[in-house]
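K.L.:
Build me a model from this:
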Amino acid sequence: MKDRIVLVTGATRGLGLAIAENFARAGAKVAMNYANDDGVAASAKNLLSSLGTVELFKSDALSSDGVDSLVARVSDYWGAIDTVVVNATPNQYEKTIDAYTDADFESMFKAFIMSPHYITRAVVPSMKERNFGRIIHVTSEVFQCGSSPFSAYVAAKGGQIGYLRSTAMELAPHGITVNAVAPGWIPVERHASVAESAKDNYLETIPVGRWGTREEVAGAVRFFAEEHSAFLTGQTLAVNGGRTLL
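P.N.:
Residues are numbered from 1 along each chain as shown. Below you'll find the predicted structure:
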């Protein structure tokens, strides 16, 4: 990863932080995007600064203007982005069908269909110029599992997978690969309030019999960024201990 310029959206906590750490340890210059919490972001940067070259870039990665500003600032700071990890996520709604509002669905589609499109649109021109690029989406097992009551999130994640498959076909002639890592439930900070009984019930459904780790997800993401993954595109790799085999 030496000399790579990697943008990770939603990079200051959870899976995003683990992904940023993996790339930093490998020698990449890592642009750590975040939207809101300056204190958490500063702590994340301090954690990774001793491991490699990282910098914070505050911007709303779920909006068109925010993405355009983010990509422009990273490019001005280090040069053209050659690897991007589409990871930023808002809270997901867990509601029955009759309880969802139009706004609930629109927020999920904005986060998981429109935001990936804004990011792809912004980074592709410079990738085409160099005939090289890696676009890696962090999706979810929920699309394959049909998890419920979760229909807005599942539908949006399905749309994200459809988008990456189509863009992979379009961008393949330009040396740009587009792939996804689809984690199962990997408990992170935002799951702190989840009942232990819910965690126990999920754990019982994992064929390998244990929780996955953030580091395992991060390793799968970096796999798609490597030179030796150049013949892989349009793929979704499930990192969930075999749950989607059931």
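K.L.:
what about the longest strand in the chain?
P.N.:
Ordering each strand of the chain by length in residues (DSSP state E) puts strand 176-183 first.
K.L.:
Give the buried residues for stretch 13-32.
P.N.:
Within stretch 13-32, the residues that qualify as buried are 13-24, 26, 28-32, counting by 16 or more other CB atoms under 10 Å. To be clear about C-beta, it is placed using only N, CA and C from the backbone, and glycine gets the same treatment.
K.L.:
Let me see the mean pLDDT of it.
P.N.:
Stretch 13-32 carries an average pLDDT of 97.
K.L.:
go on, stretch 215-235?
P.N.:
On average, stretch 215-235 scores 97.
K.L.:
distance between the ends of it?
P.N.:
End-to-end distance for stretch 215-235, by CA to CA, to the nearest Å: 20 Å.
K.L.:
got the contact list for it?
P.N.:
1, 4, 6, 15, 18-19, 21-23, 26, 83, 85, 134, 136, 138, 164-165, 168-169, 171-172, 175, 177-181, 183, 186, 237, 239 (CB atoms under 8 Å, 6 or more residues apart in numbering).
K.L.:
switch the cut-off to 7 Å
P.N.:
Among residues not part of stretch 215-235, those counted as contacts by CB atoms under 7 Å, 6 or more residues apart in numbering are 15, 18-19, 21-23, 26, 83, 85, 134, 136, 164-165, 168-169, 172, 177-179, 181, 183, 186, 237, 239.
K.L.:
about what we covered before: can you tell me which of the buried residues of stretch 13-32 are in strands?
P.N.:
Counting by DSSP E, those place 29-32 in strands.
K.L.:
just for this structure, where's the confidence low?
P.N.:
Where the chain drops to pLDDT under 70, the residues are 190-193, 246.
K.L.:
If you count contacts, what does the longest helix seen in the chain end up packed against?
P.N.:
Looking across the chain with DSSP state H, the single longest helix is helix 151-171. Counting contacts by 3 or more CB pairs under 7 Å, 6 or more residues apart in numbering; DSSP states H and E, helix 151-171 packs against helix 102-109, helix 115-130, helix 142-145, strand 176-183.
K.L.:
Now tell me what touches it from outside.
P.N.:
For helix 151-171, contacts defined as CB under 7 Å, 6+ apart pick out 92-93, 97, 100, 104-105, 108-109, 111-113, 116-117, 120, 124, 137, 139-140, 142-143, 146-147, 177-178, 180, 233-234, 236.
K.L.:
I'd like the distance from that helix to the chain centre, please.
P.N.:
Counting by CA atoms, centre = their mean, to the nearest Å, helix 151-171 is centred 13 Å from the centre of its parent chain.
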